[in-house]
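> Quick one, fold the following:
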Amino acid sequence: MRFRLRYSEVDSGGRLTIVSLINYLQDTVTFVSDEAGCTLQYLMENGWGWFITSWEIYIDRLPSYGEEIEIDTWATELKGVIAYRDIIINDCDGNLIVKARSLWVLMDLKKLSPIRIPADLLARYDTREPLPGEWRGRRIKTLDGLLSDEPERLVEVLHLHLDTNGHMNNAYYVEIAREQIPEGKRISSIRTEYKKSAVLGDVINVFEMCDGDLLQVALTSGNKDIFALVEFEIL
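Numbering: from 1, shown residues only. Here you go, the predicted model:
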């Protein structure tokens with residue numbers, strides 16, 4: 001799928017924002033799912049929803065305002081309740097600028113519990129080989145002492161943060177965490193592990209800890225139940 005970056009999607013330097021990057025990735029997954037016949041309406045009629053549980057994203061560079069990009073995504077494995085999906089972003093010259101791996105779980109929206117992917121749903125998706133290279137996996141090992149101090153700041157979940165499932169859109173967890181990155185630093189990779197959905201009115205406690213080029217951010221409830229862990233490599 002080909003896109004042209006809009007003014008509303010770039011930062012003060014004219015580069016694609018991280019929240020817009022995440023939205024491009026998840027929107028492309030949604031569009032491809034639509035094309036396979038697994039539309040949002042189809043899922044909602046069956047009381048199902050795909051919930052993402054992790055991102056692993058590597059950024060060579062972020063494209064600029066007006067630049068054309070091409071995004072491709074494919075499932076690499078579907079089994080039980082889960083689906084692995086890889087995504088790439090190329091520039092107009094065909095250069096790979098972003099690659100990502102994601103893990104999704106099919107959920108029963110009434111019971112809020114995972115369900116095995118039905119056979120007719122499996123039949124709608126084609127699978128391809130996963131992207132080559134070393135991947136660190138979906139589990140993030142927290143740095144010692146990450147949650148030991150007081151939070152850096154508090155963020156309330158507002159209506160603008162919500163998705164069609166009534167939960168905070170996964171891109172906003174990453175955006176809240178990104179605010180902790182020191183000025184002038186560049187993000188080379190992002191890993192996110194989602195643990196619990198934040199909903200309207202929740203107050204998110206933001207904790208951070210650095211270890212060299214690694215910045216970990218924990219987004220938690222007031223009693224330190226973790227909504228999401230976000231890990232950045234920064235240069």
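> burial of the closest residue to residue 17 other than its chain neighbours, as a residue count?
Spatial nearest neighbour of residue 17, excluding adjacent residues (CB to CB, 6 or more residues apart in numbering): residue 11 at 5.0 Å. Glycine gets a C-beta too; all of them are placed from N, C-alpha and C. Neighbour count of residue 11, defined by other CB atoms under 10 Å: 13.
> Would you confirm that residue 11 contacts residue 21?
No - under the criterion of CB atoms under 8 Å, residue 11 makes no contact with residue 21, lying 10.8 Å away.
> pretty sure residue 56 is in a strand, no?
Yes - the assignment for residue 56 by DSSP: H, G, I helix; E, B strand; the rest coil puts it in a strand.
> Just the mean pLDDT for the longest helix seen in the chain, thanks.
In the chain, with assignment by DSSP state H, the single longest helix is helix 18-35. For helix 18-35, the mean per-residue pLDDT is 95.
> In it, which residues are buried?
18-26, 28-29, 32-33 (16 or more other CB atoms under 10 Å).
> now the residue positioned nearest the centre of the chain: how far from residue 29?
Taking CA atoms, centre = their mean, the centroid of the chain lies closest to residue 55, which sits 4.9 Å from it. Here residue 55 is placed at a distance of 11 Å from residue 29 (CB to CB, to the nearest Å).
> Give the residues shared as contacts by those two.
residue 102 (CB atoms under 8 Å, 6 or more residues apart in numbering).
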